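Trainee: sequence? don't have it. structure:
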């Protein structure tokens, strides 16, 4: 069920926070960063994390907003979001404790280190591919 449903959930969040919000604000601004900030803040506010968990979700939203702007589409943010959530829910499902899968709250600061590495590797990888393939970010 995780493999079947989580990609749709991830894509829906990306359409809302990176698609509609960034495009809605971005249409009126020269610089995309205010729209990326608003999208990331809305994304973080829609999750139930506290403390370092909010930092994690906000940084995740910032990276995905930047990827959407840099690649000119939602494919990269959806791929990262779906992979992140499938791994997270998959680990919980493998442990047999799906009752705690939707619990959000405090996240230890140590978990941000692994997330920062994940974000950097994925972001740099997408940037390299985007440059190599000369991806157009603006339609002509």
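Mentor: Looks like it came in fine. As the structure is a prediction and not an experimental result, all values here were calculated from the model.

Trainee: average pLDDT for stretch 125-140?
Mentor: For stretch 125-140, the mean pLDDT works out to 80.

Trainee: Mind listing what's buried along it?
Mentor: 126, 130 (16 or more other C-beta atoms under 10 Å). For the C-beta atoms, the positions are set from N, CA and C on the backbone; glycine is no exception.

Trainee: Need phi/psi at residue 51.
Mentor: Residue 51 adopts backbone torsions of phi 60, psi -130, taken as degrees, to the nearest 10.

Trainee: I figured it hits residue 112, correct?
Mentor: No - the pair residue 51 / residue 112 is not scored as a contact, 10.7 Å apart, by C-beta atoms under 8 Å.

Trainee: Which one's more surrounded, these two?
Mentor: Set side by side, residue 51 and residue 112 show more neighbours around residue 112, with 16 against 12, by other C-beta atoms under 10 Å.
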